[in-house]
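what follows is a predicted structure for the sequence shown.
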Amino acid sequence: MKIILSEDVKKLGKKGEVVEVSDGYARNFLLKKGLGKEASAGNLSELKDQEAKAARIAGEELDEAKAEAVKLSEVTLHIPVKVGSNGKLFGAVSSKEIAEELKKQTGMVVDKKKLKLEDTIKTVGFYPIPVKLHREVTATLKVIVEEKN
């Protein structure tokens with residue numbers, strides 16, 4: 001019997017897959033526990049529609065991420081901070097502060113977790129910061145940490 005899995009089933013398959021199982025296993029376990037439904041023509045058509053919708057949404061998200069990446073790569077963010085001797089900062093500039101400053105200066109909202117800052121910034125200078133907007137899209141934000149007047 002062919003079954004469309006509604007959830008991941010260990011050693012059988014992932015959600016949305018069509019699998020061939022014995023009739024007893026299907027009726028007594030998979031269907032009874034709601035882990036799958038019979039692979040009828042209507043159910044297969046519904047599955048195909050869901051996959052098409054998911055692919056369309058994923059494509060739209062990718063396009064949005066690419067557009068945002070273009071905008072981010074054009075931005076140069078200036079962050080004024082208090083500086084001590086030797087160009088060292090009092091404290092440090094973290095991804096949270098960069099995200100807040102980006103929102104304040106440009107109005108663009110980027111989650112601080114998307115900023116791939118290896119370590120906090122502790123000296124004055126120019127820093128290219130990678131921003132992971134999507135699984136396939138990474139933009140580079142230009143940050144200039146400068147002395148506060």
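Sure, I can see it. Please read all numbers here as calculations on a predicted model, not as lab measurements.

tell me the centre residue of this structure?
Most central in the chain under Cα atoms, centre = their mean is residue 134, positioned 4.7 Å from the mean C-alpha point.

surely it forms part of a strand?
No - applying DSSP: H, G, I helix; E, B strand; the rest coil, one finds residue 134 to be coil, outside a strand.

can I assume it is in contact with residue 65?
Yes - here residue 134 lies in contact with residue 65, judged by Cβ atoms under 8 Å, at a distance of 3.6 Å. Glycine gets a C-beta too; all of them are placed from N, C-alpha and C.

the strands in the protein, which residues?
Chain-ordered strands for the chain, with DSSP state E as the definition, fall at 2-5, 18-20, 36-38, 76-81, 88-93, 121-123, 125-132, 138-147.

which one of these lies nearest to residue 49?
Of all the strands of the chain, strand 2-5 sits nearest to residue 49, with 12.6 Å by Cβ to Cβ.

residues making contact with the helix or strand bottoming out on mean pLDDT in the chain?
Counting by mean pLDDT, DSSP states H and E, the weakest-scoring helix or strand in the chain turns out to be strand 88-93, with a mean of 85. With Cβ atoms under 8 Å, 6 or more residues apart in numbering as the test, strand 88-93 has contacts from 79, 81, 82, 83, 84, 120, 121, 122, 123, 124, 143, 145.

just those residues now: which is nearest residue 55?
Closest approach to residue 55 among these (Cβ to Cβ): residue 143, at 35.6 Å.

so who does the residue nearest to the centre of the chain touch?
61, 62, 65, 66.

got it, and residue 8?
Residues in contact with residue 8, defined by Cβ under 8 Å, 6+ apart, are 14, 15.

for it, give its distance to residue 130.
Relative to residue 130, residue 8 is positioned 32 Å away (criterion: Cβ to Cβ, to the nearest Å).

much appreciated, bye for now.
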